[in-house]
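Chemist: model the structure of this input:
(one chain, ligands or ions: 3)
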Amino acid sequence: MKIRAAVLEEFGAPLAVQEVDLEEPRAGEVLVRLDACGVCHTDMYTASGADPSGYAPAVLGHEGAGVVERVGEGVTLLGPGDHVVTLFSPQCGECVHCRSDKTNLCLAIREEQNKGHLPDGTTRLSRNGEPIRHFMGTSTFAEYTVMPEIALAKVDPSAPLDRACLFACGLSTGLGAAINTAKVEPGSTCVVFGAGMVGLGAVAGCRLRGAERIVCVDLSDDRLQLAKGQGATDTLTGGPVAVDEVLEMTGGFGADYTFEATGNVDAMRQAVEAARMGWGLCTVAGVAGKGETLDIVPRLLITGRRVAGSSFGGVKGRDQVPEFVRLYLEGEIDVDPFVSHHLTLDEVNRGFELMEAQDGIRSVIRFS
Ligand SMILES: NC(=O)c1ccc[n+]([C@@H]2O[C@H](COP(=O)([O-])OP(=O)(O)OC[C@H]3O[C@@H](n4cnc5c(N)ncnc54)[C@H](O)[C@@H]3O)[C@@H](O)[C@H]2O)c1
Ligand SMILES: [Zn+2]
Ligand SMILES: [Zn+2]
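Modeler: Ligands and ions are numbered 1, 2, ... in the order given. From the prediction side, this is the model:
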């Protein structure tokens with residue numbers, strides 16, 4: 001079928017919205033009609049050429065939500081009409097990682113996905129017979145996409161899809177960092193560095209876990225206001241003295257749990273330093289620039305601080321994304337303040353501009 005999609009033709013150039021060909025789903029695959037898709041940093045990072053593993057031509061986009069149109073042979077988990085959130089981090093349920101409760105890094109289709117292929121090593125996207133690659137296994141800057149059924153989370157159809165799509169990436173990453181990776185305990189003190197989509201999700205996750213004190217650190221006053229709306233009890237302006245301020249607020253000890261959601265390695269170091277001696281756990285969610293390293297004084301670790309990394313918040317997507325969407329529908333997660341702009345697919349590059357200007361938290365593309 002012919003669909004309209006935003007194609008990365010050349011690194012550093014704007015995405016080109018155009019007509020491309022999409023083949024029917026093969027065995028184990030699903031055709032999804034996209035309804036909404038968030039515009040995320042990872043899309044912009046890849047489009048800029050900064051990501052060393054990027055490839056072109058490819059259809060970008062990975063924060064999608066839509067409705068199942070048709071399914072391929074052998075698909076049993078989903079059927080036409082189901083509402084789904086796309087998962088760049090799939091859950092096959094069978095590999096050694098899916099069977100472990102210690103990680104969400106499913107191994108089933110990793111290699112082909114990293115190459116921009118569907119699991120059978122080919123693409124469904126093409127143009128004049130030339131293959132176009134699938135970005136992050138999702139390619140949701142498009143009217144339709146074909147994805148493996150193990151990479152789709154079936155969600156409550158009463159959830160508006162322009163809200164549900166945020167659970168495809170940043171929001172679940174933040175929630176999961178607090179809930180799955182750190183497993184924040186009730187009554188604890190938490191510090192979250194960064195109040196973008198990921199950091200605000202972490203603030204909400206700390207609140208849902210019953211944290212008593214949640215300090216959010218950011219450079220933007222507007223974003224710190226949003227953090228209060230998600231449950232932050234205190235806010236701090238980021239900078240060189242942020243660690244001292246956290247220590248002062250915590251009787252000199254530091255916080256039980258700290259989170260880094262900035263992508264800035266200095267803030268990562270601060271998040272480690274702001275964790276409490278004895279048991280403080282620092283969870284790193286930000287993606288640092290190529291070649292950057294995290295600088296930690298080893299003594300901080302010997303005296304009981306720990307550091308953990310979190311990919312997609314440790315969320316096993318097919319199980320937990322529907323739970324998060326249910327929490328949203330029950331009023332436990334306030335998603336509305338995150339949707340700052342609605343755009344059309346043709347305005348996708350405007351989404352990157354808004355992100356660069358830090359105008360709002362998320363621009364969401366609507367397809368219908
Ligand atoms: N681990 C994952 O699976 C995963 C998933 C999605 C995004 N990410 C990464 O998480 C990070 C955050 O994503 P986002 O969408 O929330 O980004 P964002 O740019 O919207 O938010 C980052 C925030 O950090 C703040 N900040 C920057 N430097 C700071 C400092 N020194 N101290 C305090 N605050 C500071 C900025 O003001 C901004 O509000 C990015 O690096 C992104 O690539 C990781
Ligand atoms: Zn993302
Ligand atoms: Zn798996």
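
Chemist: going forward, measure contacts between C-alpha atoms and count neighbours the same way
Modeler: Will do.

Chemist: could you find the closest non-adjacent residue to whichever residue of the stretch 151-300 of the chain sits closest to ligand 3?
Modeler: The nearest approach of the stretch 151-300 of the chain to ligand 3 comes at residue 151, 10.1 Å away (Cα to the ion). Excluding its sequence neighbours, the residue lying closest to residue 151 (Cα to Cα, 6 or more residues apart in numbering) is residue 90, at 4.3 Å.

Chemist: now do the one you found, the pLDDT please.
Modeler: Reported pLDDT at residue 90 in the predicted model: 98.

Chemist: run a quick neighbour tally on it.
Modeler: Residue 90 has 26 neighbours, counted by other Cα atoms under 10 Å.

Chemist: dihedrals phi and psi, it?
Modeler: The phi/psi pair for residue 90 (degrees, to the nearest 10) reads phi -80, psi 180.

Chemist: that older thread, my guess is the residue of the stretch 151-300 of the chain closest to ligand 3 contacts residue 93. True?
Modeler: No: using Cα atoms under 8 Å, residue 151 makes no contact with residue 93, being 10.9 Å away.

Chemist: more neighbours: which of the two?
Modeler: More crowded of residue 151 and residue 93, by other Cα under 10 Å: residue 151, with 23 against 17.

Chemist: residue contacts, the more buried one?
Modeler: 86-92, 317-318 (Cα atoms under 8 Å, 6 or more residues apart in numbering).

Chemist: same deal with residue 276?
Modeler: 253-257, 304-305.

Chemist: and if we set it to 7 Å?
Modeler: Shown in contact with residue 276 (Cα atoms under 7 Å, 6 or more residues apart in numbering): 253-256, 305.

Chemist: do the same with residue 136
Modeler: Going by Cα under 7 Å, 6+ apart, residue 136 touches 62, 88, 113-114, 116.

Chemist: what of residue 75?
Modeler: Listed by Cα under 7 Å, 6+ apart, the contact partners of residue 75 are 28-29, 149.

Chemist: also residue 207?
Modeler: The contact partners of residue 207, by Cα under 7 Å, 6+ apart, come to residue 231.

Chemist: where does it land in three-state SS?
Modeler: Following DSSP: H, G, I helix; E, B strand; the rest coil, residue 207 is assigned to helix.

Chemist: at the contact with ligand 3, which residues of the stretch 101-250 of the chain appear?
Modeler: Contact residues (Cα under 5 Å from the ion) of the stretch 101-250 of the chain with ligand 3: 106, 108.

Chemist: let's see 8 Å
Modeler: 104-108 (Cα under 8 Å from the ion).

Chemist: and of these, the nearest to ligand 3?
Modeler: Proximity of those to ligand 3 (Cα to the ion) peaks at residue 106, which lies at 3.6 Å.

Chemist: and the gap between the closest one and ligand 1?
Modeler: In this view, residue 106 and ligand 1 are 13 Å apart by Cα to the nearest ligand atom, to the nearest Å.

Chemist: which residues touch the residue of the stretch 251-368 of the chain found nearest ligand 2?
Modeler: Closest residue of the stretch 251-368 of the chain to ligand 2, Cα to the ion: residue 312 (8.9 Å). Contacts for residue 312 (Cα under 7 Å, 6+ apart) come out as 169, 172-173.

Chemist: in JSON lines: these, plus pLDDT, secondary structure and neighbour count.
Modeler: Shown next, in JSON lines, are those (pLDDT from 0 to 100; DSSP: H, G, I helix; E, B strand; the rest coil; neighbours: other Cα atoms under 10 Å):
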{"residue": "169", "pLDDT": "98", "secondary structure": "coil", "neighbour count": "27"}
{"residue": "172", "pLDDT": "98", "secondary structure": "helix", "neighbour count": "27"}
{"residue": "173", "pLDDT": "98", "secondary structure": "helix", "neighbour count": "30"}
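
Chemist: closest to residue 97 out of those residues?
Modeler: Taking Cα to Cα as the measure, residue 97 lies nearest residue 173 of those, at 18.1 Å.

Chemist: touching, that closest one and residue 199? I think so.
Modeler: No: in this structure, residue 173 is not within contact of residue 199 by Cα atoms under 7 Å, at 8.8 Å.

Chemist: could you pull out the helices for the stretch 201-350 of the chain?
Modeler: Secondary structure of the stretch 201-350 of the chain (DSSP state H, counting those that start in this stretch): helices at 221-230, 242-249, 265-273, 298-302, 317-329, 348-356.

Chemist: can I get those helices in TSV with mean neighbour count?
Modeler: Below are those laid out as TSV (neighbours: other Cα atoms under 10 Å):
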stretch	mean neighbour count
helix 221-230	19
helix 242-249	17
helix 265-273	24
helix 298-302	13
helix 317-329	20
helix 348-356	18
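
Chemist: out of those, which comes closest to ligand 1?
Modeler: helix 265-273 (4.6 Å; Cα to the nearest ligand atom).
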